[in-house]
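> Sequence and computational prediction follow.
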Protein chains: 2
Amino acid sequence: MRPTVHDIAAAAGVSLATVDRVLNQRPGVRHVTREKVETAIRDLGYVRDVAAANLAKGRVYPLTFILPASDNSFMHGLNAEIRTAIARSATERTDIRIVEVPAFDPQALVRELQTVAAERPSGVALVATDAPEVRAAVDRLVQDGIPVVTLVSDLTGSLRHHYAGVDNIAAGRTAARLLGRFLGGAKGELAVLAGSMLVRDHRERLEGFASVMAQEFPALHLLPVLEGRDDPEVAHMLIANALGKNDGIIGIYSLGAGNRGLIRALKEKAIGRPLTVVAHELTAHTRAALVDGTIDAILNQDAGHEVRSAIRVLKAKADGLGVIDAQERIRLDIFLKDNLP
Amino acid sequence: MRPTVHDIAAAAGVSLATVDRVLNQRPGVRHVTREKVETAIRDLGYVRDVAAANLAKGRVYPLTFILPASDNSFMHGLNAEIRTAIARSATERTDIRIVEVPAFDPQALVRELQTVAAERPSGVALVATDAPEVRAAVDRLVQDGIPVVTLVSDLTGSLRHHYAGVDNIAAGRTAARLLGRFLGGAKGELAVLAGSMLVRDHRERLEGFASVMAQEFPALHLLPVLEGRDDPEVAHMLIANALGKNDGIIGIYSLGAGNRGLIRALKEKAIGRPLTVVAHELTAHTRAALVDGTIDAILNQDAGHEVRSAIRVLKAKADGLGVIDAQERIRLDIFLKDNLP
DNA sequence: ATTTTATTGATTTACGTACATCAAAATTGG
DNA sequence: CCAATTTTGATGTACGTAAATCAATAAAAT
């Protein structure tokens, strides 16, 4: 049987009230007594029954998710996953709120972080915009004792407790090797379509991609990055244009959103032309394109996993508990047409 | 605030005891009364607080994992993951037992299932051997009201509640496409190394592999399957032998265990020879081989995820609750040297 | 109409923890 | 050494549910 507070009290030779004071760091316990209790806790291997504790406290976890107000499939999907999690709130004792802030606007994000901090939620998850002032604002939250996890886009160098997202450098490297190997030693040019070089995850993907290409596939030459602002229309224009005037393009890496435009351009301009395409994010559009052969591979991060992981981690941190690292690692999914879910 | 049993009692105009009788399907409630209570439950959207219920019941979930006594890295890893889960038993209210049975022996598995059934655990997870008598034994367990999930290897057509493992046909298809694309249109022969064709997952992987190869890569010719019995020594002998007498082999698909022997054979016999290799299961050996270029891609199933998923599902089923399907889907991991965890 | 049986209500205890209150004991300061 | 203060103990209530007991009522059988 697992030890209870009663066992601790008996073992330490103190009363239940004292054990409670130690456990919940309430004042009024002498140093030596506190140590006796802590020793007993360690000796018996006591772990607080979180379910019972939460019941007694009537605890709920108010969590705030701060997302950029971007209009693309991925963000819509992320939003939907959070709303699904909200639907489970009753059973999970969470009280989740979604806040949207203008995309790519550090100031707005900082202001929102301050507003959120004032509400003292049990935890905050945010899609980080990579800027020093955001880092500072996050650090302030953490120092205030509020657990923070970054979602999808990390904020390295900050004090955030956890990052629920994929390793984007590895993603770029993986894309490069897939593309390089699929092209089987052919010589030619590669177009790279990104959302914006101002976003950290896009920069990182490009960095990983370029480095593997340079080292291992010298026969493939990278054209200057096309910035589609994650907008299908812009992406369409850029890709159609590039394919139109450059016959040497044999491969495309789309590392951002807005793939709807990319796919349309491919269907118009690349008929009968051998083109190997690797894109990010599995959506209805990219999925169809993968099945019909327009796209050769899709790299994906599972938004549902990211959201559930963020919630688990925030709850655990709020309770001062550890997490199962392997479980919280967000994996890079590689989809070919054969292993679609 | 979420409704409690008291609210249900008030709404239905009955006493707490009656609500309890309905909720826990105890006898002594008239049909009409039962319906009144059930209506109130539905109207108020009552969901039982599982944490409080478990606390009151002092509930633990005795779970039994039945594994084949196979001596390969994957089974060792699976075993280790279950032991890790056992270490979390205290906080998760589980009481997990591992039982080993001779591998590939339906009779032994059936006997064990009967023994286990007699102990009436809250749930059973088993690595299924595909045989009619096993199916029947599993069905008996399920009809007895004991939740059953298959682990790693499924038992289609049985009444098992859930399968915690990957889609092996998709895995084989994916391997075929990776190998085919990496070989870039070259013409030649492919060696396939399996454990045993008596195991369902191996048969399925081969089936998927062969079908994509036949349909989409006609220039590649499959040699007869080599059965290495998941044994490194046998695998080494078979592969060394095949490479020695067939110069036309340009690719290898290893769909079972025993990759240590495969890797050794490759290092001895394939120096300077262009060979594309796709293997299953990420272990210390295959990982090193992927990094040094001996293997080109590894397909993997995360044993930790499988075990945690099996436990979550068994607990949920034992409580008559639903599961989050997307969360319980075991994904096929594709590892290139760039996205290793 | 009376007995038997089936339903229902009322009430209590328990699970493990949190938290509050008041009294008792120990320690500290002067 | 006494008073003031700090520390500790004892005890009770609460959280939402489970489970048991016993009394009370209703319905069915005789």
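Received the coordinates, thanks.
> Point out where the stretch 101-250 of chain A drops to low pLDDT.
Scanning the stretch 101-250 of chain A for pLDDT under 70 picks out nothing.
> Show me the strands in it, by range?
Under the criterion DSSP state E, counting those that start in this stretch, the stretch 101-250 of chain A contains strands at A:123-126, A:148-151, A:162-164, A:188-194, A:220-222, A:226-227, A:249-254.
> what's in contact with the longest one?
Spelled out, it's strand A:188-194. A:179, A:202, A:205-206, A:209, A:213, A:219-223, A:225-228, A:235, A:238-239, A:242-243, A:246, A:248-256, A:258, A:262 (CB atoms under 8 Å, 6 or more residues apart in numbering or on different chains). Just so you know, the C-beta spots here come from the backbone N, C-alpha and C atoms, and that holds for glycine as well.
> Whichever of those end up buried, select them in PyMOL.
This is the PyMOL syntax for the buried subset of the contacts of strand A:188-194, where burial follows 16 or more other CB atoms under 10 Å in any protein chain shown:
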select buried, chain A and resi 179+202+205+206+209+213+220+222+225+226+227+228+235+238+239+242+243+249+250+251+252+253+254+255+256+258+262
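> Output the set of residues of chain A in proximity to DNA strand C.
By the rule CB under 7 Å from any atom of the strand, the part of chain A lying against DNA strand C is A:1-2, A:4-6, A:16-17, A:20, A:23-24, A:46, A:48-49, A:52-53, A:55-57.
> now those residues: which count as buried?
A:4-5, A:23, A:46, A:48-49, A:55.
> Stretch A:112-124: which residues count as buried?
A:112-113, A:116-117, A:121-124.
> Enumerate the residues of chain A near DNA strand D.
So chain A meets DNA strand D at A:13-18, A:21, A:27-30, A:32-34, A:52, A:55-56, A:58 (CB under 7 Å from any atom of the strand).
> Now narrow these to whatever sits close to chain B.
For chain B, the contacts drawn from the residues of chain A next to DNA strand D by CB under 8 Å from any CB of the partner chain are A:52, A:55.
> Let me know how buried A:K315 is, in neighbour terms.
By the criterion of other CB atoms under 10 Å in any protein chain shown, A:K315 has 22 neighbours.
> Dihedrals phi and psi, the residue of the stretch 201-341 of chain A found nearest chain B?
Across the stretch 201-341 of chain A, the shortest distance to chain B (CB to the nearest CB) belongs to A:D338, at 3.6 Å. Torsion angles at A:D338 (phi, psi; degrees, to the nearest 10) stand at phi -90, psi -20.
> what sits against it?
Applying CB under 8 Å, 6+ apart, we find A:D338 in contact with B:170, B:173-174, B:176-177, B:208, B:212.
> swap the cut-off to 6 Å and go again
Counting by CB atoms under 6 Å, 6 or more residues apart in numbering or on different chains, A:D338 makes contact with B:170, B:173-174, B:177.
> do A:R181 as well
B:F182.
> Now with 10 Å, please.
A:216-217, A:276, B:178, B:181-184, B:276, B:296-297, B:336 (CB atoms under 10 Å, 6 or more residues apart in numbering or on different chains).
> how close does it get to A:D296?
11 Å (CB to CB, to the nearest Å).
> shared neighbours of the two, anything?
With CB under 10 Å, 6+ apart, A:R181 and A:D296 have common neighbours A:276, B:181.
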